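I would like the atomic coordinates for the input below:
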Amino acid sequence: MAAKIKQLIQNFVTSGMDETYDFEAKRKTILINVISTIGIINLIPLGIVAFTQDNQALGLFDLIVATALIAIILCLRKTGYHIIFSYFGVSFVASLFLFLFTTGGVDNTGHLWCYTLPILTSFLLGSKRGAIITSIFFGLSILVFTIEDYSSIIMTYPKDFKIRFIPSFLVVFALSYFYENIRQKTQQQLADKKTDLEERIEELKQSQEKEKDSSLMLETIINAIPDVLGVQDANHRIIYYNEAGYKLLNMSYEDVKDKKCFQLIGRNVPCDICATSEAYITKQPARDEKYVEELGVWLDVRSYPILDEKGKIIKVVEHLRNIDKEKLSEEALLQSEERYRSLVENTMYGYFICEIPSGRFLFLNQRWCELYGYKINEGLELKFWDVLSYDDHKRIQDLIESWMEGKKSSPEHQIFTAVHKDGSNFRIEISTSIVNFQKNPAFQGVIRDVTEKERLEKQLQQALRMEAIGILAGGVAHDFNNLLMGIQGNASLILLDLDEKHAHYEKLKNIEMYVKNAADLTKQLLGFARGGKYQVRPTDLNDLVKKSSEMFVRTKKEISIHQKYQEDIWRVEVDQGQMEQVLLNLYVNAWQAMPTGGSLYVQTENVI
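The predicted structure is shown next:
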């Protein structure tokens with residue numbers, strides 16, 4: 001019964017509260033209900049008493065105020081407007097108390113209610129607004145003292161009452177103000193601490209979520225490894241095996257629980273040669289290959305000790321690998337591993353995941369580190385912009401914004417300039433796309449070094465340009481050769497009509513010689529146009545040297561050429577035009593070395 005009464009009272013005082021109300025709104029709602037209820041309980045009997053004492057006005061006023069308080073409770077319960085009813089209720093109560101103070105109330109006890117006004121106004125309106133209402137009430141009370149002798153309706157108070165009332169009211173006023181002010185500050189501090197606590201709880205949740213994701217990823221990766229990974233304590237007792245371990249042993253977790261490793265293969269003591277035992281003794285990683293008869297497999301066993309701060313072994317990580325096939329053909333295995341290693345090194349691309357929009361690296365593979373020259377822990381401290389040329393920042397930023405705005409959805413393949421750890425630049429091709437990583441948007445990329453590819457492409461373009469120039473040179477050489485043939489033809493026709501003693505005969509012969517030299521140059525151009533394919537044929541060097549020297553000496557009279565030729569000189573396969581050009585260059589160099597004239601010696605001989 002008491003519990004039901006308690007529940008009814010609790011439901012009554014909390015009526016009119018919304019679930020979204022904060023602590024302050026709930027407090028004011030409860031105060032309005034409680035204060036209104038106390039006022040109703042007191043005002044109804046007091047009104048009845050006033051009627052019995054023939055104080056009709058006071059009795060009627062008490063009942064009206066009680067009715068108003070009932071209306072406030074009902075309206076508050078229905079609407080929940082606690083702020084409006086706080087001001088309305090305070091104003092109503094202040095008016096009632098002022099009326100009681102002015103008229104004296106029942107048996108001149110109305111002034112006693114005035115002491116509760118500072119408490120009510122402070123609690124319902126707060127320290128500052130409550131102080132304003134209380135100050136107005138106090139001012140009106142002082143006004144009553146000053147005009148009481150001029151009205152028969154206003155209660156007349158003795159002087160000693162006035163002397164006691166003013167300081168006592170001010171004391172209650174001050175205590176109410178300071179108490180409420182302290183309560184408000186304390187409440188605000190509690191609210192701030194609550195907010196700070198909620199933020200810390202949220203940060204802790206996020207941290208736990210990240211740890212959970214990392215733990216799940218690690219567990220997934222470990223279980224995906226075909227080799228056996230296990231953890232033992234200092235007594236060889238199994239703490240953990242991945243799925244490959246249970247598969248190798250053909251056991252479940254319950255079968256392995258609280259067992260020692262050697263007990264799982266039917267032994268009572270550790271193996272004679274045991275990498276794990278060696279790791280316990282040396283406190284260093286240990287490795288061993290052994291055949292386990294109980295399981296019928298060759299195993300590559302590797303153990304890694306885990307030490308505490310004092311250097312004491314607390315756990316050992318054991319890595320078991322089935323090497324049956326390796327033992328059957330170690331040479332084939334070595335070759336296979338070498339081919340596999342070569343394939344991975346030559347085809348593996350760098351891979352990364354970056355946070356948006358900061359660009360902080362969240363994940364890197366080993367190939368990425370090799371490309372940029374960083375270790376993984378160093379790379380994870382960088383941002384994407386740190387390893388990309390400043391000139392390319394805008395391009396990748398625009399690309400990310402396009403993805404975020406939904407303008408692009410397919411992966412993008414673009415070329416960028418990357419920055420190595422040592423500060424040097426190299427060219428990379430990046431295939432990027434947007435992903436969700438740890439419940440946040442991020443962008444991932446696959447990169448490959450295309451520096452050499454671009455260099456080869458430039459060389460190819462240069463070769464194509466040279467080929468075009470060769471084709472152009474061939475066309476020009478043909479046209480120029482046709483012009484030379486016209487000049488030579490006209491010069492030869494003129495020589496037919498001239499005697500050797502004619503003044504222009506020698507000059508025309510020189511024109512023929514120059515035309516021939518020019519024709520030889522066109523042959524070189526044609527050879528270049530044909531990609532270096534000159535007209536190579538058997539040639540007598542004696543005739544070639546003799547003709548070239550005679551042609552040169554006719555133009556350079558100050559040079560004497562002394563010739564010595566070996567008889568039966570061997571014929572050689574050369575491009576005659578090229579050889580004549582070489583000899584002419586040698587003659588010119590010799591002439592430039594002897595500007596005042598001199599002797600030039602030319603000799604041929606067979607050399608074995």
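
Pull the number of nearby residues for Leu96.
Using other CB atoms under 10 Å as the criterion, Leu96 is surrounded by 23 other residues. Backbone N, C-alpha and C define where each C-beta goes, glycine included.

Report the secondary structure state of it.
Here Leu96 is helix, with the state taken from DSSP: H, G, I helix; E, B strand; the rest coil.

Distance-wise, check it relative to Ala275.
As judged by CB to CB, to the nearest Å, Leu96 and Ala275 stand 92 Å apart.

likewise Asp54?
Per CB to CB, Asp54 is found 110 Å from Ala275.

Same drill for the two, tell me which one is more crowded.
Comparing Asp54 with Ala275 by other CB under 10 Å, the one with more neighbours is Ala275, at 24 against 8.

hang on, Leu60 packs against Gly47?
Yes: between Leu60 and Gly47 a contact is recorded at 7.4 Å, counting by CB atoms under 8 Å.

In terms of packing, which of those two has more residues around it?
Just comparing Leu60 and Gly47: by other CB under 10 Å the higher neighbour count belongs to Gly47, 22 against 13.

Now do the same contact list for Glu289.
In this structure, Glu289 makes contact with Trp298, Leu299, Asp300, Val301, Ile323, judged by CB atoms under 8 Å, 6 or more residues apart in numbering.

if we take the residues you listed, which one ends up nearest to Glu254?
Out of these, the one with the shortest distance to Glu254 is Leu299. That distance is 23.7 Å, counting by CB to CB.

tell me the secondary structure for that closest one?
Following three-state DSSP, Leu299 is assigned to strand.

Distance of it relative to Arg321?
Leu299 is 7 Å from Arg321, where distance means CB to CB.

Retrieve the pLDDT associated with Trp570.
The pLDDT attached to Trp570 in the predicted structure is 90.

Make sure it is indeed in a helix.
No: going by three-state DSSP, the assignment for Trp570 is coil, not a helix.

nearest spatial neighbour of it, skipping sequence neighbours?
Computed as CB to CB, 6 or more residues apart in numbering, the closest residue to Trp570 that is not its neighbour in sequence is Asn606, at 5.3 Å.

Check whether that neighbour really touches Ile569, as I assumed.
Yes: under the criterion of CB under 8 Å, Asn606 lies in contact with Ile569, with a separation of 6.4 Å.

the more surrounded of the two?
Neighbour comparison, Asn606 and Ile569: the larger count goes to Ile569, with 15 against 9 (by other CB under 10 Å).

so who does the nearest residue to the more buried one once chain neighbours are set aside touch?
Counting by CB to CB, 6+ apart, Ile569 lies nearest to Asn542, which is 5.0 Å off, once chain neighbours are set aside. Listed by CB under 8 Å, 6+ apart, the contact partners of Asn542 are Tyr565, Gln566, Ile569, Thr604.

Leu299 and Arg321 - which one has more neighbours?
Leu299 (21 against 18).

mind checking the SS state of the residue nearest to the more buried one when sequence neighbours are not counted?
In this structure, Leu299 finds its nearest non-sequential neighbour in Leu320, 5.2 Å apart by CB to CB, 6+ apart. Going by three-state DSSP, the secondary structure assigned to Leu320 is strand.

now Leu320: how far from Ile225?
11 Å.

quick one: which of the two has more around it?
Remark: of Leu320 and Ile225, Leu320 carries more neighbours, 23 against 13, as counted by other CB under 10 Å.
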